[in-house]
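S.K.: what would the 3D arrangement of this be:
(one chain, ligands or ions: 2)
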Amino acid sequence: EELINEIKKLKKEKNAVILGHNYMDYSVQLVSDFTGDSYDLALKKTDAKIIVFAGVYFMAEQAAALNPDKKVLSPDPNAGCSLSDSLDPETLKRYKELYPNAPVVLYVNTSIYTKALADYIVTSSTAVKVVKKLNSDVIIFGPDANLANYVERQTGKKIVKVPPNGRCIVHANYTRQLVELARRKYPNAILMAHPESPLEVLQAADFVGSTNQMIQFAKESKYNEFIVATEIGMINALQLKVPNKKFYPLVTTESCACARCPYMAMITLEKIKRSLEEEIYEVRVPLEVAQKAKEAFERTVRLLE
Ligand SMILES: O=CC[C@H](O)N[C@@](O)(CC(=O)O)C(=O)O
Ligand code: SF4
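M.R.: Ligands and ions are numbered 1, 2, ... in the order given. Take a look at the predicted model:
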């Protein structure tokens, strides 16, 4: 495609790399140098001068915080996230005053300003492990309420949800009925669910994990067909990375607009090209905020070693 070639040319001229989240449009994943989940993309090491983050804003912020020596560009800074938008630093400060001895464990879907107040930063693949290792029976956890419920059941600890009802506008729509429908439609398929889904869906799932964990599981599984309970862009990532197997979205955009994250959909090839041409929109994180967030990331890595 013409646009893809122009973007590849611009990348070389500018010594830029494109990091793409697993939910990105198919064509965006094709033009990305690395694709993955929000956590490992943030930790990706590259010697490029410019990073164009094909994902939502909190992911670009994270990359900027962890790569202060690089110029990080967001193709559309309005690409937010219902989860990261649901928890601001002021709210978290109030909860820390209410529960002064409870460690603060935040899901990766948060703004860098909120992350700067966290003790630990987790992805859905590390949330349970981290909470289990902490020697406190009360944990402040957020912003996703479904992931918090899942962690509470897996660890038996008291989870103080911050905010009480943070949700992903995509995954929160999944129901048991949708699972039954899909299982009848695809009798040979097994169900993979993202922990941002409601508990009733996770209980019915054969596998629960982050998008990267789903890719790994599908690759290694003896099964060949999978029902995928996560944002529909993930089908692109699975088809690209596990081409010999079949994947069915739990919800299609025909049956519900909620199948596609409106924020992820904002990142288009056109915007990526413009982002490279004009070197916009630069994501800047104040040094002391970046430093605090980096400390929370590093504390988490040490805890898991
Ligand atoms: O909404 C984006 C997905 C959300 O950030 N979760 C991940 O990025 C990381 C995670 O789940 O830990 C994913 O790709 O699964
Ligand atoms: S899919 Fe949900 S969690 Fe992911 S960016 Fe969109 S709103 Fe946020």
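S.K.: roughly how far is stretch 152-168 from the heart of the chain?
M.R.: 18 Å (C-alpha atoms, centre = their mean, to the nearest Å).
S.K.: ok, and what's touching that stretch?
M.R.: Stretch 152-168 is contacted from outside by 81-83, 86-87, 91-92, 95, 98-99, 102, 109, 128, 131-132, 136-146, 148-149, 151, 196, 199, using C-beta atoms under 8 Å, 6 or more residues apart in numbering. Heads up, the C-betas are built off the backbone N, CA and C, glycines and all.
S.K.: give the contact list for the residue positioned nearest the centre of the chain.
M.R.: The structure's the chain has its C-alpha centroid closest to Ser38; by C-alpha atoms, centre = their mean the separation is 4.3 Å. Contact analysis of Ser38 by C-beta under 8 Å, 6+ apart lists His21, Gly55, Phe58, Met59, Gln62, Val108, Asn109, Thr123.
S.K.: roughly how far apart are it and ligand 1?
M.R.: 3 Å (C-beta to the nearest ligand atom, to the nearest Å).
S.K.: I figured Leu30 hits Ile4, correct?
M.R.: Yes - with contact defined as C-beta atoms under 8 Å, Leu30 reaches Ile4; the gap is 6.4 Å.
S.K.: can you check the pLDDT for the closest residue to Pro249 other than its chain neighbours?
M.R.: Counting by C-beta to C-beta, 6 or more residues apart in numbering, Ile232 is the residue found nearest to Pro249 once chain neighbours are left out, at 4.8 Å. pLDDT, Ile232: 98.
S.K.: count of residues packed around the nearest residue to Glu225 once chain neighbours are set aside?
M.R.: Leaving aside its sequence neighbours, Glu225 sits nearest to Ala189 (C-beta to C-beta, 6+ apart; 3.8 Å). Look at Ala189: counted by other C-beta atoms under 10 Å, it has 20 neighbours.
S.K.: over to Pro77?
M.R.: 16.
S.K.: any idea whether it is helix, strand or coil?
M.R.: coil (DSSP: H, G, I helix; E, B strand; the rest coil).
S.K.: for it, give me phi and psi.
M.R.: Here is the backbone geometry of Pro77 (degrees, to the nearest 10): phi -60, psi -10.
S.K.: contacting residues for whatever residue of the stretch 101-250 of the chain ends up closest to ligand 1?
M.R.: Taking C-beta to the nearest ligand atom, ligand 1 has its nearest neighbour within the stretch 101-250 of the chain at Thr123, 2.9 Å off. For Thr123, the contacting residues are Asp37, Ser38, Tyr39, Tyr107, Val108, Ser210, by C-beta under 8 Å, 6+ apart.
S.K.: show me the two of the residues you listed that sit farthest apart.
M.R.: Asp37 and Tyr107 (11.9 Å; C-beta to C-beta).
S.K.: quick check: the residue nearest to Glu225 touching Lys246?
M.R.: Yes - if you go by C-beta under 8 Å, Ala189 and Lys246 touch, sitting 7.5 Å apart.
S.K.: overlap in contacts, these two.
M.R.: Glu225, Phe226.
S.K.: buried set for stretch 158-177?
M.R.: 159-163, 166-168, 170-175 (16 or more other C-beta atoms under 10 Å).
S.K.: what about Leu19, which SS state?
M.R.: strand.
S.K.: what's across from it in the sheet?
M.R.: Beta bridges link Leu19 to Phe34, Phe53, judged by DSSP bridges.
S.K.: that one: how many residues sit nearby?
M.R.: Applying other C-beta under 10 Å, we find 26 residues neighbouring Leu19.
S.K.: same deal with Lys96?
M.R.: Neighbour tally, Lys96, other C-beta under 10 Å: 17.
S.K.: next one: the host helix or strand of it to chain centre, how far?
M.R.: Secondary structure assignment for Lys96, by DSSP states H and E: helix 89-98. With C-alpha atoms, centre = their mean as the basis, helix 89-98 stands 24 Å off its chain's centre.
S.K.: next: stretch 147-155.
M.R.: How far stretch 147-155 lies from its chain's middle: 18 Å, per C-alpha atoms, centre = their mean.
S.K.: show me which residues of the stretch 51-200 of the chain are close to ligand 1?
M.R.: Contact residues (C-beta under 6 Å from any ligand atom) of the stretch 51-200 of the chain with ligand 1: Val108, Asn109, Thr123, Ser124, Ser125, His194.
S.K.: out of these, the closest to ligand 2 would be?
M.R.: Distances from ligand 2 to these, taken by C-beta to the nearest ligand atom, are shortest for Asn109, at 5.1 Å.
S.K.: does the closest one belong to a helix, a strand or coil?
M.R.: Asn109 - assigned by three-state DSSP - is coil.
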